[in-house]
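Trainee: sequence plus the predicted model coming up.
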Amino acid sequence: MKFNTKTIHGGQEPDKAYGSVMPPIYQTSTFAQSTPGGHKGYEYGRTHNPTRNALENAFASLENGTHGLAFGSGLAAIDAVMKLLKSGDEVISTNDLYGGTYRLFTKIFEAFGIKFHFVGMENAAGIESYINENTKLIWIETPTNPMMNIIDIEATSAIAKKHNLLVAVDNTFATPYLQRPLDLGADIVMHSVTKYIGGHSDLIMGALIVKDKALADRLYFIQNASGAICGPMDSFLALRGIKTLHVRMQRHCENGKAIAEYLAKHPKISTVYWPGFETHPNHEIAKKQMDDFGGMISFVTKGNDYDQAIRIIENLQVFTLAESLGGVESLAGHPASMTHASIPKEEREKTGVVDSLIRLSVGIEDVDDLIADLAQALSK
């Protein structure tokens with residue numbers, strides 16, 4: 001089954017009770033039993049829910065995995081991965097990643113004795129020098145947030161397998177429409193479903209997908225024991241969002257390309273970060289592991305002026321100044337004061353997250369309106 005068909009049918013089937021095409025919203029906390037332990041596969045809503053299970057099956061199908069897990073947020077999903085580890089273990093992570101992930105790693109799990117190495121992963125061969133007997137996990141984000149760096153998933157996974165390490169990939173920016181990390185050797189795929197998969201800025205959710213049953217069983221235990229699950233209504237909304245993922249992503253990519261090319265030619269802009277440019281340092285790797293280049297773009301104006309960047313985003317009229325990304329509407333953000341504010345300034349700037357950086361999540365509006373909006377904001 002090809003991807004565009006999977007978004008409609010993958011891992012899904014009509015409801016067995018009445019043939020409902022969309023899985024019903026099972027808004028219940030518990031399920032009746034005929035005798036203690038005698039039930040129809042469901043006993044308590046934290047452990048299982050038919051709507052959530054339908055969504056988890058859809059997740060697995062999209063990523064060519066065998067097991068999917070849905071969580072109350074993307075960070076809850078990352079938290080579950082970290083709970084596979086113990087005190088004394090070490091993690092190698094990219095040094096350019098979502099601020100919330102950095103905060104979770106450094107402010108929560110470092111206190112439990114887990115050590116993190118934040119390193120540039122653009123050259124996969126350089127990762128090996130950080131591996132030691134305590135290393136258990138390599139955490140990849142590609143494209144990275146917000147600098148749009150590209151990490152070679154296949155090469156990194158090959159290195160990890162030599163040392164018996166797990167590889168987890170945050171695939172939020174690319175989505176399975178563009179990139180499927182399990183096919184490239186990764187062990188775990190994570191999504192902030194809040195973003196492109198949900199696609200309508202109306203839910204908070206995270207997902208994990210794997211294709212190893214033993215690993216899935218460990219994660220299911222953590223999911224149930226820790227309890228950071230999503231509710232049936234949000235599960236229904238995410239299932240609805242998945243149905244149009246392929247058509248939305250096609251337009252995100254088309255609009256993203258047009259806007260990246262517009263910004264690259266603008267006289268007031270010094271640098272545009274987008275992996276579709278042939279000048280991007282890892283453009284060839286992006287071409288190899290992605291089917292297109294997505295709708296996320298970051299840029300810096302000439303002069304590297306903080307006040308100028310703030311004026312630009314405050315004057316946008318079609319783009320909305322807001323946290324998050326991946327919805328049908330275009331959003332603009334200032335990473336240094338918004339999504340990456342939890343990362344110390346000196347650490348942010350080492351990776352290029354300067355105070356004048358602006359990040360765009362290009363939506364599916366008419367691209368001429370989006371370009372006109374950027375033009376008028378830049379003119380002010």
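Mentor: Right, received. Where do you want to start?
Trainee: quote the end-to-end distance of stretch 171-187.
Mentor: By Cα to Cα, to the nearest Å, the extent of stretch 171-187 from end to end equals 12 Å.
Trainee: for I8, which non-adjacent residue is spatially closest?
Mentor: Spatially, and ignoring its direct neighbours in sequence, I8 is nearest to K243 (5.8 Å; Cβ to Cβ, 6 or more residues apart in numbering). No exception for glycine: its C-beta is placed from N, CA and C like everyone else's.
Trainee: from what I can see that neighbour touches T5, true?
Mentor: No - the criterion here is Cβ atoms under 8 Å, and K243 misses it with T5 at 11.2 Å.
Trainee: comparing these two, which residue is more hemmed in?
Mentor: Taking neighbours as other Cβ atoms under 10 Å, K243 and T5 compare with K243 leading, 16 against 10.
Trainee: R251 versus that one, what's the distance?
Mentor: The gap separating K243 from R251 is 15 Å, by Cβ to Cβ, to the nearest Å.
Trainee: next, give phi and psi for S61.
Mentor: phi -60, psi -40 (degrees, to the nearest 10).
Trainee: list the contacts of it.
Mentor: If a contact means Cβ atoms under 8 Å, 6 or more residues apart in numbering, then S61 has 1, 6, 10-12 as its contacts.
Trainee: let me have the residues you listed in JSON lines, extended by neighbour count.
Mentor: Formatted as JSON lines, the contacts of S61 follow (neighbours: other Cβ atoms under 10 Å):
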{"residue": "M1", "neighbour count": "10"}
{"residue": "K6", "neighbour count": "21"}
{"residue": "G10", "neighbour count": "20"}
{"residue": "G11", "neighbour count": "19"}
{"residue": "Q12", "neighbour count": "20"}
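Trainee: neighbours of M205, just the number please.
Mentor: The tally of other residues near M205 (other Cβ under 10 Å) stands at 27.
Trainee: which residues are in contact with it?
Mentor: With contacts taken as Cβ under 8 Å, 6+ apart, M205 has the following neighbours: 70-74, 192-194, 198, 230, 234-235, 238.
Trainee: now, the residues you listed that are in helices?
Mentor: Among the contacts of M205, the ones falling in helices (DSSP state H) are 74, 234-235, 238.
Trainee: for those, which one is nearest P335?
Mentor: P335 has its nearest neighbour among those in G74, at 16.6 Å by Cβ to Cβ.
Trainee: show me what contacts the residue lying closest to that closest one once chain neighbours are set aside?
Mentor: Computed as Cβ to Cβ, 6+ apart, the closest residue to G74 that is not its neighbour in sequence is S192, at 3.1 Å. By Cβ under 8 Å, 6+ apart, S192 lies in contact with 73-74, 77, 170, 172, 205-206.
Trainee: which pair in the residues you listed spans the largest distance?
Mentor: Farthest apart among the contacts of S192 - using Cβ to Cβ - are D170 and M205, which lie 14.3 Å from each other.
Trainee: state the next helix or strand along the chain beyond the lengthiest helix in the chain.
Mentor: Ranked by residue count, the top helix of the chain under DSSP H comes out as helix 245-265. Later in the chain than helix 245-265, the nearest helix or strand by DSSP states H and E is strand 269-273.
Trainee: now that following strand: mean pLDDT?
Mentor: Averaged over strand 269-273, pLDDT sits at 97.
Trainee: before we move on, what about stretch 96-112?
Mentor: Mean per-residue pLDDT for stretch 96-112: 96.
Trainee: what's in contact with it?
Mentor: Residues from elsewhere that reach stretch 96-112 (Cβ under 8 Å, 6+ apart): 74-75, 78-79, 82, 85, 87, 91, 93, 114, 116, 118, 120, 139, 141, 144-145, 147, 149, 170, 172, 335, 339-343, 351-353.
Trainee: what comes up buried for it?
Mentor: 96-102, 104-106, 109 (16 or more other Cβ atoms under 10 Å).
Trainee: ok, stretch 334-353 next?
Mentor: For stretch 334-353, burial by neighbour count (16+ other Cβ under 10 Å) applies to 334-336, 338-340, 343, 348, 351-353.
Trainee: with these in mind, which one is nearest to E63?
Mentor: Nearest to E63 among the buried residues of stretch 334-353 is T339, at 24.2 Å by Cβ to Cβ.
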